[in-house]
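> take this sequence and fold it.
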Amino acid sequence: MLVRAKVVAFFGLMALAVSLFPDTCMADCVPSSCGNLTIDYPFRLGSDPKECGRPLYELVCKNNRTTLPRKFSTHQNFLVEEISRENETVRVVDASLDRNKCSIPHYPLLKFPCRADQYGVSFSMITTNSIMYVLNCNMPMSSLLYVDASNCTNSSSSAHTYFFLFNSRTKLSDFNESCRIEAQFPVMLSNISGLSASDIYLKMLMGFELSWAWFYDITGKQCSSLSLRENM
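Numbers count the residues shown, from 1 in each chain. Okay, the predicted model is just below:
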């Protein structure tokens with residue numbers, strides 16, 4: 001009975017070690033590649049051994065381009081341009097953006113899963129950028145918070161189209177009630193005063209960053225600490 005108890009205790013400790021230090025179980029996994037990107041833990045490709053990387057972070061490699069899987073966004077295709085293990089961030093770009101002329105993406109803000117895997121580790125991806133709004137206004141806006149975006153839309157409407165940045169520095173009173181929101185998207189900017197629509201579009205073409213994090217929560221429900229934050 002004593003031997004059996006020791007065996008049970010041993011395997012119990014091993015299971016706990018796996019759940020608390022999953023990286024140690026990935027030592028034999030060789031990083032994959034897709035184009036110029038190296039794919040390693042916690043990410044993986046569908047062709048990787050099942051024990052390598054996390055299923056929640058399985059990326060897609062097609063024609064040497066890495067994309068987010070459709071479970072992250074059913075509306076758009078996002079190219080993965082950079083993965084930073086040091087900063088725990090992924091930079092993604094909307095694949096539909098026209099690199100030759102300014103165009104406005106029309107998709108809802110991304111929502112990422114927050115659930116536990118088999119080790120009781122919950123994951124979530126969060127945007128780390130400001131939110132850019134495309135507004136149609138009934139009157140011209142003279143504030144520097146509004147940047148003329150009429151060259152970025154094909155609309156024949158008589159409304160005035162503007163870029164409007166929302167972050168912690170923006171007050172609700174800065175938003176003019178005569179304006180209607182046409183689109184919204186994350187962007188790596190903290191201020192658009194003095195910028196042109198072309199300047200803003202170049203930033204859009206750089207994409208935006210997502211950060212990943214994991215929390216040791218057996219219930220897999222402790223995700224409320226993740227929030228929108230600026231990245232400058």
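
> surely residue 164 touches residue 175?
Yes. Counting by CB atoms under 8 Å, residue 164 does reach residue 175; the two are 7.2 Å apart. The way it works is simple: take the backbone N, C-alpha and C, and place the C-beta from them, glycine included.

> and these two? Which one has more around it.
Neighbour count, other CB atoms under 10 Å: between residue 164 and residue 175, residue 164 has more, with 24 against 16.

> quick check: which ranges of the chain have low pLDDT?
Residues of the chain meeting the criterion pLDDT under 70: 1-27, 71-75, 106-128, 154-158, 213-232.

> so which residues of it form strands?
32-34, 37-39, 44-45, 58-62, 65-67, 78-84, 89-94, 115-116, 121-127, 130-137, 146-148, 160-166, 179-187, 208-216 (DSSP state E).

> roughly how far apart are residue 83 and residue 56?
Using CB to CB, to the nearest Å, one obtains 15 Å as the distance from residue 83 to residue 56.

> tell me which of those two has more neighbours.
The neighbour comparison of residue 83 against residue 56 (other CB under 10 Å) goes to residue 56, with 24 against 19.

> what's the spacing between the more buried one and residue 185?
Counting by CB to CB, the gap from residue 56 to residue 185 is 24 Å.

> kindly report the same for residue 76.
Residue 76 sits 10 Å away from residue 185 when distances are taken as CB to CB.

> which one's more surrounded, the two?
residue 185 (22 against 19).

> beta partners of the more buried one?
Beta-bridge partners recorded for residue 185 (DSSP bridges): residue 132.

> now for residue 187: which residues touch it?
Neighbouring residues of residue 187 by CB atoms under 8 Å, 6 or more residues apart in numbering: 129-132, 165, 200, 203-204, 208.

> leaving out chain neighbours, which residue sits closest to it?
Nearest in space to residue 187, with sequence neighbours left out and distances taken as CB to CB, 6 or more residues apart in numbering, is residue 132 at 4.4 Å.

> for that neighbour, give me its contacts.
163-166, 184-187, 189, 192, 200, 204.

> which of those lies closest to residue 136?
For the contacts of residue 132, the minimum distance to residue 136 (CB to CB) is 10.9 Å, reached by residue 164.

> show me what contacts the closest one?
Residue 164 sits next to 132-135, 145-147, 175, 179 when contact means CB under 8 Å, 6+ apart.

> ok, residue 171 - how many residues close by?
7.

> and if you look at residue 163?
Residue 163 is flanked by 26 other residues according to other CB under 10 Å.

> contacts for stretch 36-48?
Contacts of stretch 36-48 (CB under 8 Å, 6+ apart): 23, 26, 29, 31-34, 52-55, 57-61, 66, 80, 82-83, 85, 123, 212, 214.

> my error: substitute stretch 142-159 in the last question.
Stretch 142-159 is contacted from outside by 102-104, 134-138, 160-165, 170, 174, 176, 180, 182, 192-198, 200-201, using CB under 8 Å, 6+ apart.
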